[in-house]
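[1] predicted model and sequence follow; I will ask about them next.
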Amino acid sequence: MIELLLLLSAVCALSSLYSLAKGRTAFEKILALSGLGITVLPFAVIIAIRTSKDYYLHVAIAWILLTFIGILALVKFLEGKGFDE
C-alpha cells in the first residue's frame with residue numbers, strides 16, 4: 001500500500017515537473033511549482049511513517065510553509081507590487 005502511495009506521489013511530482021518545463025506563461029509555471037511543493041509532502045509523511053521518526057513531519061511542515069511564502073513572493077513580484085502592498 002505504501003509503495004502505491006509513493007508511486008502515485010512520484011507520478012504527481014513528474015507531472016508537475018513536466019508542467020513546469022512546458023508552461024507557457026509565468027503563472028502556469030507558478031502553479032506547477034506550487035504543485036511540486038505540495039507533492040513533496042506525501043514523501044515526507046510516508047518516510048515518517050516507515051521510520052517512526054517525527055522530525056520528517058517537521059520537515060514537511062517547514063517545506064510547505066516555505067513553498068507557500070515563496071509562491072506569494074513570486075506572484076507579488078510578477079504583479080509588480082512591493083511586499084508592503
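    Thanks, I have it.

[2] report the contact partners of the residue nearest to the spatial centre of the chain.
    What sits nearest the mean C-alpha location of the chain, by CA atoms, centre = their mean, is Gly37, with 0.6 Å. Residues near Gly37 by CB atoms under 8 Å, 6 or more residues apart in numbering: Trp63, Ile64, Thr67, Phe68, Gly70, Ile71. From N, CA and C alone the C-beta is placed, and that goes for glycine too.

[3] which of the residues you listed sits closest to Arg50?
    Lowest distance from Arg50 to those (CB to CB) belongs to Trp63, with 17.8 Å.

[4] three-state assignment of the closest one?
    Assigned with DSSP: H, G, I helix; E, B strand; the rest coil, Trp63 falls in the helix class.

[5] count the neighbours of it for me.
    By other CB atoms under 10 Å, 16 other residues sit near Trp63.

[6] where exactly do the strands run in this structure?
    Counting by DSSP state E, one finds no strands in the chain.

[7] show me the shaky parts of it.
    Confidence mapping of the chain against pLDDT under 70 gives the ranges 83-85.

[8] change it to 90
    Residues of the chain that meet the criterion pLDDT under 90 lie in 1-3, 5-6, 9, 20, 23-31, 33-47, 49-50, 54, 67, 70-85.

[9] just the buried ones among the contacts of Gly37, please.
    With burial judged by 16 or more other CB atoms under 10 Å, the buried subset of those is Trp63, Thr67.

[10] Serialize the contacts of Gly37 to CSV and add fields for distance to Val45.
    Converted to CSV, those look like this (distance: CB to CB, whole Å):
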residue, distance to Val45
Trp63, 11
Ile64, 11
Thr67, 15
Phe68, 17
Gly70, 21
Ile71, 21
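
[11] which among the contacts of Gly37 gets closest to Ala26?
    Nearest to Ala26 among the contacts of Gly37, with distances taken as CB to CB, is Ile71, at 11.8 Å.
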